[in-house]
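Colleague: Could you look at this predicted model? Sequence included:
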Amino acid sequence: MKKFSLVLLLLVNCFSLYAKDILVLKDGTKVKGELISVSQGELVFQKTKGIQSEIKLSPEEVEFVKVANVEKLKELQESMYLQGIADAQIHHKRFGGNFCAGFFGGAIGFIIVAVTDAKEPNLAIVGEEKYKNLEYREGYNKKAKGKNLGAAGAGWAAGFVLLLILIGASNS
């Protein structure tokens, strides 16, 4: 059994030597294999050619992908969904209002932020042609909505901590 495990380990390492692409997740995990496809909300990555195990991930889970093939790199760069996410990361600035909604409104403020749509970007900055693309809008809105919820959640947490401090100070 020990020899079989050693042979299997060597075989897996041999396959990983031939892997062209490297996928790095937000948690630091590195996966060698081949990037199969990039679509609107999903990256499909095949771990190794011999094992045939595919991983399907959302773009938010991925830190970066190192690809050996130039065509795959172009496909990644031209993905309108990913461009929308990147633009929202840079240009969506609504932290203060959403933080206040969570801080003063608590759970209700957080829910209000969750059910409302993200503000449209400044078309002069991101480009009107890009924003007409459905995939781009979906990527932009998804990231902008995530930033809004993060700000509201931080506000809610800060308000809760302040409330606990005030209650503790009044009991002393």
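Modeller: Arrived safely, thanks for sending. Numbers count the residues shown, from 1 in each chain.
Colleague: rest of the way, CA atoms for contacts and neighbours
Modeller: Will do.
Colleague: Domain ranges for the chain, per the record?
Modeller: Each domain of the chain is listed here as a residue range: 2-69, 83-171, per automatic domain parsing.
Colleague: between those domains, which gets the lowest average pLDDT?
Modeller: Lowest mean pLDDT of the domains of the chain: domain 2-69, a mean of 67.
Colleague: Check which helices and strands the helix ranked longest in the chain sits against.
Modeller: The helix of greatest length in the chain, counted in residues with DSSP state H as the criterion, is given as helix 134-171. Using 3 or more CA pairs under 8 Å, 6 or more residues apart in numbering; DSSP states H and E as the contact test, the elements touching helix 134-171 are helix 80-91, helix 95-115.
Colleague: now, of the domains of the chain, which is deepest in the fold?
Modeller: Among those, ranked by average contacts under mean count of other CA atoms under 10 Å, first place goes to domain 83-171 (a mean of 17).
Colleague: Determine how far the last residue of it lies from the first.
Modeller: 52 Å (CA to CA, to the nearest Å).
Colleague: starting at the chain centroid, how far to that domain?
Modeller: A distance of 15 Å separates the centroid of the chain from that of domain 83-171, by CA atoms, centre = their mean, to the nearest Å.
Colleague: ditto for stretch 31-41
Modeller: Put simply, stretch 31-41 sits 14 Å off its chain's centre (CA atoms, centre = their mean).
Colleague: for the protein, longest strand please?
Modeller: Longest strand in the chain by number of residues (criterion: DSSP state E): strand 30-39.
Colleague: Pairing partners for that one, with directions?
Modeller: strand 21-25 (antiparallel), strand 42-46 (antiparallel) (DSSP bridges).
Colleague: Okay, angle between the last one and helix 80-91 too, please.
Modeller: Taking axes from the mean of the first three to the mean of the last three CA atoms, to 10 degrees, one finds that strand 42-46 is oriented at 120 degrees with respect to helix 80-91.
Colleague: Need the contact partners of strand 42-46.
Modeller: Counting by CA atoms under 8 Å, 6 or more residues apart in numbering, strand 42-46 makes contact with 23, 33-38, 52-59, all of which sit outside it.
Colleague: Check the first one too.
Modeller: Contacts made with strand 21-25 from outside it, assessed by CA under 8 Å, 6+ apart, are listed as 30-35, 45, 61-68.
Colleague: Would you list the phi and psi of Phe64?
Modeller: Phi and psi for Phe64, reported as degrees, to the nearest 10, are phi -160, psi 160.
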